[in-house]
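> next come a sequence and a model predicted from it.
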Amino acid sequence: MSTRDTSSADDPVIESRDQLIAPMIGGEKPKDRWRIGTEHEKLVYRRSDHAAPSYDEPDGIRDILLNLQDFGWEPVEEGGKVIAMRGEDGTVSLEPAGQLELSGAPLENLHQTCNETGRHLEQVKKVGERCSVGFLGLGMWPDKSRAELPIMPKGRYDIMLRHMPRVGSLGLDMMLRTCTIQVNLDYSSEPDMVQKFRTGLALQPLATALFANSPFTEGKPNGFLSYRSHIWSDTDPHRTGMLPFVFEEGFGYERWADYMLDVPMYFVFRDGKYIDAAGLSFRDFLDGKLSALPGERPTQSDWWDHLSTAFPEVRLKSFLEMRGADGGPWSRICALPAFWVGLLYDQGALDAAWDLVKDWTMEERERLRNEVPRLALQTELPGGKGTLRDLGREALAIARDGLKARGQLDSGGSNETGFLETLDEIVESGKVPAQRLLDKYHGEWNGDISRVYKYSF
């Protein structure tokens, strides 16, 4: 989730529709400037009792962040409290209950991405040794109730925590109990963005299945393989979902701006503080009629903030975010960008990937999205054409060809296809990560969920 710590003096008031689509147009880049930005979250626990550390306690979340200064990271503060660290590898920030996130730098290839991930995990492991904490790579807390989790001191979280129960029953779970991996990708033009958006959105259930890794709630199996994905189905219908309009003729920057104008607001950032505007209309804000700030009109920064408050499976800002995967360990952090870069960054692969899904109806896409949290790779494809496992084989073959075509080699002469191997193993076995955890829970763990903490980073 975005970290905002300053207001810009050069922040024009929005006076035209062109300013609303400017972030999307500004994101266009020629292919040689396309980059890969990978974000991954991890659960933090005290080694002594597996509890989630609070912000202020000794060796708690604040101290974990500050210890990163030893590796060249610099603090970012909000209201006098450190809420993030910035460095050459991006930003390390806090999710609402202390989940630690690396929002990585925009990098040229997957070798760099995996090196960045490796550096980050090595650093937090060293910090973990000092602070007696561990880090867990799952899509959701396996044993914690909402009441057992701390709240981090970020103004936007206070607003969202108050608002979530008004619009869905699982929004607090999304904020407090889940972790994800996502990848941010570029586009060259509006048509290129549209094809990537449609392909990514249609194939998002496959990514959810491959990375399904949240089968436990409060110490017991929850009946899902990706409960994190299920949570989004009852978080806030105004800002989630499969977005039928993306597949309609005429979709582009203008239509995305219209969608975002209809997404209710959360907040406005003024003078270092978040002002509660939850549920209010950005259209009213444009007209100077926002009740939280009477007479004021939004600036370009207000619009940028608002663009970060919709949570569909794919999100457009000045780049495209692929958002369908559960959190996981190191190998799967590298695998997610490999999957999407392979499918979307080579035109031949992108065309082939779109051919896999272009004939599905909206009802069929919605059904896949709704069934995949329980069934993962066993979800049946439209038209009786097999299961997501079968689609996975085809998609991975296309992704591999796409990565080969990129020709991005490491110092040893290897291309990027090796990062897909963990996904190949999942498809060939037919067992997603959650199913392997359930096998252990019902087998060697003998129902003892605490054994999951052996599966830390």
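All right, it came through fine.

> doesn't Leu343 make contact with Cys395?
Let me fix one detail, which is that residue 395 is Ala and not Cys. Yes: using C-beta atoms under 8 Å, Ala395 is in contact with Leu343, at 6.7 Å. Yep, even glycine has a C-beta here, placed from its N, CA and C like the rest.

> hey, what's in contact with both of those two?
203, 353 (C-beta atoms under 8 Å, 6 or more residues apart in numbering).

> more neighbours: which of the two?
Each of Ala395 and Leu343 has its neighbours counted (other C-beta atoms under 10 Å); Leu343 has more, 29 against 25.

> in what helix or strand does the more buried one lie?
According to DSSP states H and E, Leu343 maps onto helix 330-344.

> repeat that for Val372.
helix 362-375.

> chain center to that helix: distance?
Here the centre of helix 362-375 is set off from its chain's centre by 19 Å, with C-alpha atoms, centre = their mean, to the nearest Å.

> CA atoms only: put the helix holding Leu343 into PDB for me.
Provided in PDB are the C-alpha atoms of helix 330-344 (Å, rounded to 0.1, in the frame of the first residue of the first chain):
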ATOM      1  CA  TRP A 330      11.700 -16.600  -1.700                       C
ATOM      2  CA  SER A 331      11.300 -18.900  -4.700                       C
ATOM      3  CA  ARG A 332       7.700 -17.900  -5.300                       C
ATOM      4  CA  ILE A 333       8.500 -14.200  -4.900                       C
ATOM      5  CA  CYS A 334      10.800 -14.500  -7.900                       C
ATOM      6  CA  ALA A 335       8.300 -16.700  -9.800                       C
ATOM      7  CA  LEU A 336       5.400 -14.200  -9.900                       C
ATOM      8  CA  PRO A 337       7.200 -11.500 -11.900                       C
ATOM      9  CA  ALA A 338       8.700 -14.300 -14.100                       C
ATOM     10  CA  PHE A 339       5.100 -15.500 -14.900                       C
ATOM     11  CA  TRP A 340       3.800 -12.100 -15.800                       C
ATOM     12  CA  VAL A 341       6.800 -10.700 -17.500                       C
ATOM     13  CA  GLY A 342       7.000 -13.900 -19.700                       C
ATOM     14  CA  LEU A 343       3.300 -13.500 -20.700                       C
ATOM     15  CA  LEU A 344       3.100  -9.700 -21.100                       C
END
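
> now that helix: buried residues?
The neighbour-count check on helix 330-344 (16 or more other C-beta atoms under 10 Å) flags 330, 332-344 as buried.

> likewise stretch 381-391?
Residues 381, 387-389, 391 are the ones in stretch 381-391 that count as buried (16+ other C-beta under 10 Å).

> which residues does it contact?
Against stretch 381-391 from outside (C-beta under 8 Å, 6+ apart): 205-206, 209, 356, 359-361, 364, 367-368, 372, 375-380, 427, 430.

> the longest strand seen in the chain packs against which elements?
Secondary structure of the chain per DSSP state E: the longest strand is strand 36-46. For strand 36-46, the packing partners by 3 or more C-beta pairs under 8 Å, 6 or more residues apart in numbering; DSSP states H and E come out as strand 100-104, helix 110-131, strand 133-136, strand 180-185, helix 330-344.

> how far off helix 330-344 does it point, in degrees?
Strand 36-46 and helix 330-344 are oriented at 160 degrees to each other (axes from the mean of the first three to the mean of the last three C-alpha atoms, to 10 degrees).

> can I get strand 36-46 in PDB, CA atoms only?
Once non-C-alpha atoms are left out, strand 36-46 reads as follows in PDB (Å, rounded to 0.1, in the frame of the first residue of the first chain):
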ATOM      1  CA  ILE A  36       9.800  -4.700 -13.400                       C
ATOM      2  CA  GLY A  37       8.700  -3.600  -9.900                       C
ATOM      3  CA  THR A  38       8.000  -6.400  -7.400                       C
ATOM      4  CA  GLU A  39       6.300  -6.000  -4.100                       C
ATOM      5  CA  HIS A  40       6.100  -8.600  -1.400                       C
ATOM      6  CA  GLU A  41       4.800  -8.700   2.200                       C
ATOM      7  CA  LYS A  42       5.700 -11.000   5.000                       C
ATOM      8  CA  LEU A  43       4.200 -11.700   8.500                       C
ATOM      9  CA  VAL A  44       6.400 -10.800  11.400                       C
ATOM     10  CA  TYR A  45       6.300 -12.800  14.600                       C
ATOM     11  CA  ARG A  46       8.100 -13.000  18.000                       C
END
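
> all strands for the stretch 251-400 of the chain, in order.
With strands called from DSSP state E, counting those that start in this stretch, the stretch 251-400 of the chain shows them at 267-270, 273-276, 314-316, 320-326.

> so which of those strands gets nearest Lys454?
The closest of the strands of the stretch 251-400 of the chain to Lys454 is strand 320-326. By C-beta to C-beta, the value is 18.4 Å.

> and the buried residues of helix 330-344 as a markdown table, adding pLDDT?
Formatted as a markdown table, those follow (pLDDT from 0 to 100):
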| residue | pLDDT |
| --- | --- |
| Trp330 | 83 |
| Arg332 | 91 |
| Ile333 | 96 |
| Cys334 | 96 |
| Ala335 | 98 |
| Leu336 | 98 |
| Pro337 | 98 |
| Ala338 | 98 |
| Phe339 | 98 |
| Trp340 | 98 |
| Val341 | 98 |
| Gly342 | 98 |
| Leu343 | 98 |
| Leu344 | 98 |
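
> now the residues you listed in JSON lines, please, with extra columns for distance to Lys454.
Output for the buried residues of helix 330-344, formatted as JSON lines (distance: C-beta to C-beta, whole Å):
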{"residue": "Trp330", "distance to Lys454": "15"}
{"residue": "Arg332", "distance to Lys454": "17"}
{"residue": "Ile333", "distance to Lys454": "19"}
{"residue": "Cys334", "distance to Lys454": "21"}
{"residue": "Ala335", "distance to Lys454": "21"}
{"residue": "Leu336", "distance to Lys454": "23"}
{"residue": "Pro337", "distance to Lys454": "27"}
{"residue": "Ala338", "distance to Lys454": "26"}
{"residue": "Phe339", "distance to Lys454": "27"}
{"residue": "Trp340", "distance to Lys454": "30"}
{"residue": "Val341", "distance to Lys454": "31"}
{"residue": "Gly342", "distance to Lys454": "32"}
{"residue": "Leu343", "distance to Lys454": "33"}
{"residue": "Leu344", "distance to Lys454": "35"}
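
> ok, those vs Phe245, which is closest?
Leu344 (20.4 Å).

> which residues touch the closest one?
Leu344 makes contacts with 185, 196, 199-200, 350, 353, 402, as judged by C-beta under 8 Å, 6+ apart.

> if you set the cut-off to 6 Å instead, what comes out?
185, 196, 350 (C-beta atoms under 6 Å, 6 or more residues apart in numbering).

> ok, now Phe251?
Counting by C-beta under 6 Å, 6+ apart, Phe251 has contacts Val194.

> just confirm Gly328 contacts Gly137, I think it does.
Yes: counting by C-beta atoms under 6 Å, Gly137 is a contact partner of Gly328 at 4.9 Å.

> quick check: closest non-adjacent residue to the residue lying farthest from the centre of the chain.
What lies farthest from the middle of the chain is Gly295; by C-alpha atoms, centre = their mean that is 35.1 Å. Distances taken as C-beta to C-beta, 6 or more residues apart in numbering put Gly288 closest to Gly295, at 5.5 Å, once the chain neighbours are dropped.
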